[in-house]
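1. No sequence on hand, only this structure:
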């Protein structure tokens, strides 16, 4: 029973990592930019989710608006920060992205205060007994939402013309333009989708912990960057697998070697070991 | 006239790779652009596709000035490219490459065009779900041609059709080119394999270091050994 419970805990954590990291790897695949400020959109989503849910009384509306607004902010970041730097060496955009993330943290601190924020009445906290396993409703909703969103993303990418055009642009933007695909539209679409997914992840984490802080994006940010390297930079499938493996490993590690290493230390030790053995990641993209 | 270049120069940065070129391509013809390595053939074709900077002159296509058109606008007007090295979307399947080729057409037209292309290159039908990157060189070239045909072009530009291919694959590709031309498609063919290109083309233009050194009918080039020698660069050796 403990095994299944830990496995489910791992899935909750891993699927949340996955919807954060998938956006990051999509953006890397398209622009070859490590979008560190993605973590800022995760935090923005969490704040918006809490504020809008508290204001409207509707969690669904809070999630939807948080995703929409964060998606638009993501597109604005592309337009105002990355687009002018595309002809410059990649480290220029990386430095700008780190600066932007630090700036976003400070803005959250100024706007929402330094001490964190919670739902006025935390939703979905009822305990559900599922085959003898005690789970909070919000944990079930988190996994279901993450799996549904990743499923929709996979369906769009694999089964629709737009998704095929998107993947072709990642492969060769110049040639895809020769067949009528607008690479700029694809970039906006990727930033919107990636940022909206990060925002949903932020709201889900806020639901699970009932606390939103300006610095909450830092650890998921480091882990997501490591996950996309582990999964093979730009490789969406590899990123999903790496996220789930990391989530499950953390859940088991916390119980079995928790006295030795804490949750985050287990994750980073695992990532360091794997990257020492295979620096190109488990699933090298190209 | 399908394509007309007047005082046309293109290149990269401040460098002109093709200089002051005048060229005309008749509707329904095959025009070969010939020359040795570094002559500017590929840069010319890439500039016509909108992928290399135009430094000077105009491109008139089907009685429209397309000099300032983007690659997307050019494909919408009926210009399709089979680039050097194929540049297939290697992580996409054969079918998905076709879908991208027909991105500007309707879904129904795409389905019909795929059937037509499979009838030209039956081998691609057997590789439908295979990743493009895993195909043989000949199959990749067939797919590159098929992908371009999906856009329903009026002008098909092919860069180095025979480069790196086995003789049998070259025959298949050349036969397809002749068949497509017989159906009325205008073709602009860049080739290093001079004799092969002259066999199928109606007219030819020879470039050397970005300048035109000869142009005329392919028949004339086939009949004159001097011209062939000059095309092959033999005149340089004395």
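-> Looks like it arrived, so ask away. All values reported here derive from a predicted model rather than from experimental measurement.

2. Mind listing what's buried along stretch B:113-127?
-> The neighbour-count check on stretch B:113-127 (16 or more other Cβ atoms under 10 Å in any protein chain shown) flags B:113-114, B:117-118, B:120-121, B:123-124, B:127 as buried. For every residue, glycine as well, the C-beta is placed using N, CA and C.

3. and it, does that touch chain A?
-> No: judged by Cβ under 8 Å from any Cβ of the partner chain, stretch B:113-127 makes no contact with chain A; its nearest approach is 12.8 Å.

4. distance between the ends of that stretch?
-> By Cα to Cα, to the nearest Å, the extent of stretch B:113-127 from end to end equals 17 Å.

5. just how off-centre is it within its chain?
-> Remark: stretch B:113-127 is offset 20 Å from the chain centroid, using Cα atoms, centre = their mean, to the nearest Å.

6. residues from the stretch 51-200 of chain A in reach of chain B?
-> So far as Cβ under 8 Å from any Cβ goes, the stretch 51-200 of chain A lies against chain B at A:161, A:164-165, A:167-168, A:171-172, A:174-182.

7. Farthest pair within the residues you listed?
-> A:161 and A:174 (19.6 Å; Cβ to Cβ).

8. In chain B, what helix or strand scores lowest on average pLDDT?
-> Counting by mean pLDDT, DSSP states H and E, chain B has its least confident helix or strand at helix B:225-232, which shows a mean of 67.

9. PyMOL command for the buried members of the residues of the stretch 51-200 of chain A next to chain B?
-> Buried subset of those, written as a PyMOL selection, criterion 16+ other Cβ under 10 Å:
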select buried, chain A and resi 161+164+165+167+168+171+172+175+176+177+178+179+180+181
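
10. how far does the longest helix seen in chain B sit from the chain's center?
-> When chain B is parsed with DSSP state H, its longest helix is helix B:167-182. Taking Cα atoms, centre = their mean, the mean C-alpha location of helix B:167-182 is offset from the chain mean by 13 Å.

11. now for it, which elements pack on it?
-> Packing partners of helix B:167-182 (3 or more Cβ pairs under 8 Å, 6 or more residues apart in numbering or on different chains; DSSP states H and E): helix B:107-120, helix B:137-149, strand B:186-191, helix B:194-200.

12. just for the chain, where's the confidence low?
-> Unless you meant another one, I'm taking chain A. Applying pLDDT under 70 to chain A flags residues A:284-286.

13. Please refer instead to chain B.
-> Residue ranges of chain B with pLDDT under 70: B:225, B:228-238.

14. how about the longest helix of chain B: buried residues?
-> For helix B:167-182, a neighbour-count test (16+ other Cβ under 10 Å) marks B:169-170, B:172-174, B:176-177, B:180-181 as buried.

15. what's the answer for stretch A:110-129, then?
-> A:112, A:117, A:119, A:122-124.

16. Equivalent analysis for stretch B:19-28, please.
-> Residues B:19-21, B:23-25 are the ones in stretch B:19-28 that count as buried (16+ other Cβ under 10 Å).

17. max-length helix in chain A?
-> Longest helix in chain A by number of residues (criterion: DSSP H): helix A:2-31.

18. Following the chain onward from it, which element is next?
-> Helices and strands here follow DSSP states H and E; after helix A:2-31, the next one along the chain is helix A:38-56.

19. which bits of chain B sit near chain A?
-> B:49-51, B:70-72, B:74-76, B:80-81, B:83, B:87, B:89-92, B:96, B:99-101, B:103-104, B:107, B:147, B:151.

20. Drop anything exposed from those residues.
-> Listed as buried from the residues of chain B next to chain A are B:49-51, B:71-72, B:74-75, B:80-81, B:83, B:87, B:89-92, B:96, B:99-101, B:103-104, B:147, B:151; burial here means 16+ other Cβ under 10 Å.
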